[in-house]
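Chemist: Build me a structure from this.
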Amino acid sequence: MATITLIRHGQASFGKANYDQLSELGYEQADHLGKVLREREEPVDAVFIGAMKRHRQTAETCLESAGLSSLPMTVLPGFNEFNHEQVIERYEPRYRDRD
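Modeler: Residues are numbered from 1 along each chain as shown. Below is the predicted model:
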């Protein structure tokens, strides 16, 4: 059975002149995620990213740490901006209750 793993970009550079880039913490988050994916040894067949800079930076850093830097990335602009909380709530309705 196929598995789809959704990953949100690492922390962006809030308050900076160019928000659309990862902060230092964002790079650390992407690196850590890549290491976790490598440890889990889950197969990755395809990578889809939005067209924003922070999406590419997250994916490149994560894939490098996972040992998967040779995987091509397909850019899908529809991933640029959407309500990630809504995606979580639809997948797992119990998260609608914020308490």
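
Chemist: Tell me how far residue 82 lies from residue 8.
Modeler: 10 Å (Cβ to Cβ, to the nearest Å). (Each C-beta comes from the backbone N, C-alpha and C, glycine too.)

Chemist: who has more neighbours, the two?
Modeler: residue 8 (13 against 10; other Cβ atoms under 10 Å).

Chemist: what kind of secondary structure is the more buried one in?
Modeler: Under DSSP: H, G, I helix; E, B strand; the rest coil, the three-state class of residue 8 is coil.

Chemist: which residues does it contact?
Modeler: With contact taken as Cβ atoms under 8 Å, 6 or more residues apart in numbering, residue 8 is in contact with residue 84.

Chemist: what do you get for residue 14?
Modeler: Applying Cβ under 8 Å, 6+ apart to residue 14 gives the contacts residue 23.

Chemist: At which residues are the helices of the chain located?
Modeler: Counting by DSSP state H, the chain has these helices, from start to end: 24-40, 53-66, 84-91.

Chemist: Without its sequence neighbours, what residue ends up closest to residue 87?
Modeler: Nearest residue to residue 87, sequence neighbours excluded (Cβ to Cβ, 6 or more residues apart in numbering): residue 6, at 6.9 Å.

Chemist: What about that neighbour, how many residues nearby?
Modeler: By the criterion of other Cβ under 10 Å, residue 6 has 10 neighbours.

Chemist: Would you mind measuring from it to residue 91?
Modeler: Residue 6 is 9 Å from residue 91, by Cβ to Cβ.

Chemist: related to what we said a few turns ago, output the helices of the chain in TSV, with mean neighbour count and mean pLDDT appended to each entry.
Modeler: Listed next are the helices of the chain as TSV, based on neighbours: other Cβ atoms under 10 Å; pLDDT from 0 to 100:
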stretch	mean neighbour count	mean pLDDT
helix 24-40	16	96
helix 53-66	21	97
helix 84-91	12	83
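
Chemist: Output these in TSV; the columns should cover distance to residue 98.
Modeler: Below are the helices of the chain laid out as TSV (distance: least, Cβ to Cβ, whole Å):
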stretch	distance to residue 98
helix 24-40	23
helix 53-66	26
helix 84-91	10
